[in-house]
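Asker: need a 3D model of the sequence below.
(one chain, ligands or ions: 1)
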Amino acid sequence: MATLVLLRHGESVWNAEGLFTGWVDVGLSEKGMEEARRGGRLLVDNDVMPDVVHTSVLTRAIQTANAALGEADLLWLPVRRSWRLNERHYGALQGKNKAQTREEFGDEQFMLWRRSYDTPPPPLPDGHEMSQVQDVRYATLPQELIPRTECLKDVVERLLPYWYDSIVPDLASGRTVLVVAHGNSLRALVKHLDKISDDEIAGLNIPTGIPLLYDLDENYLPVKQGGTYLDPDAAQAAIEAVKNQGK
Ligand SMILES: O=C(O)[C@H](O)COP(=O)(O)O
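Answerer: This next block holds a predicted model:
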């Protein structure tokens, strides 16, 4: 049996403003910092103590990991970071207001771009102010690996190599693993873990700042489908809020 905890970053400044974020590197709002600290307290209260942490290379996830681990007095833990845990790249929607986008393009197109499995938003031109192709943190990546837009299928395909090559070995060594990432990169991982279909995944939303605990079997697949949120009531309310963004 292995123990995996997934934690979406706390509310970001752009989450609060209702903007599509993707790979744009924004920090946590004050509310998001408190959500992150609450996440750490939930780990302590439920005696779920990670041995190693994996985060994306985006500030909002790193801040969340630090705040949560600070509450658990675990800031000393080894941390591994990868672009493969980054949020989905939202293409030309990065920086745009969700409600305005929904109004301009209609509900169907909005939901296709936001929650379909294989329909990416339009690509973001390399010279655009919201582009990350010149971001120093990706300087060692081959240019063709840096997305200009992504659908969830793209995220699954770039995340799973990290799951198998970096996270599973930590689980196999008996470590409790905490993954601090993003709404859509965690949707991609949960789709894999819970074997959610390409159609059903559209209905899955991940709340900010509430740890999702998975006990995994010898094949690193969930003993209980869907895992267990360490605060189920708060999770349900937050999931509804994520689902209704842009309305
Ligand atoms: O990148 C973003 O805009 C959010 O973190 C995720 O947004 P979504 O829940 O609309 O996909």
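Asker: can you name the residue of the protein nearest to the ligand?
Answerer: Nearest residue of the chain to the ligand: Thr21, at 3.5 Å (Cβ to the nearest ligand atom). C-beta here means a position set from N, CA and C on the backbone, and glycine is covered the same way.
Asker: Cys151 versus that residue, what's the distance?
Answerer: To Cys151, Thr21 is 16 Å away according to Cβ to Cβ, to the nearest Å.
Asker: same check, this time on Lys224
Answerer: With Cβ to Cβ as the criterion, Lys224 and Cys151 are 28 Å apart.
Asker: looking at these two, which is more packed in?
Answerer: Cys151 (21 against 10; other Cβ atoms under 10 Å).
Asker: that one against Leu112, yeah?
Answerer: No: contact criterion Cβ atoms under 8 Å: Cys151 and Leu112 do not qualify, at 9.5 Å.
Asker: name the residues contacting each of those two.
Answerer: Both Cys151 and Leu112 are in contact with Thr119, where contact means Cβ atoms under 8 Å, 6 or more residues apart in numbering.
Asker: so what would you say the end-to-end distance of stretch 81-94 is?
Answerer: End-to-end distance for stretch 81-94: 23 Å, by Cα to Cα, to the nearest Å.
Asker: my bad, stretch 7-24
Answerer: 19 Å.
Asker: how about stretch 83-92?
Answerer: Criterion Cα to Cα; first-to-last residue distance in stretch 83-92 is 19 Å.
Asker: residues contacting the residue nearest in space to the middle of the chain?
Answerer: Nearest to the geometric centre of the chain sits His182, at 1.6 Å (Cα atoms, centre = their mean). By Cβ under 8 Å, 6+ apart, the contact set of His182 is 8-9, 56, 58, 60-61, 85-88.
Asker: give me the subset of those touching the ligand.
Answerer: Glu87 (Cβ under 6 Å from any ligand atom).
Asker: which ones among the contacts of His182 map onto helices?
Answerer: Among those, the residues falling in helices (DSSP state H) are 60-61.
Asker: filter the contacts of His182 down to just the ones in strands.
Answerer: The strands, defined by DSSP state E, take in Arg8 from the contacts of His182.
Asker: possible to save the contacts of His182 as CSV with neighbour count?
Answerer: Listed next are those as CSV, based on neighbours: other Cβ atoms under 10 Å:
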residue, neighbour count
Arg8, 30
His9, 32
Ser56, 25
Leu58, 28
Arg60, 31
Ala61, 28
Leu85, 28
Asn86, 28
Glu87, 27
Arg88, 27
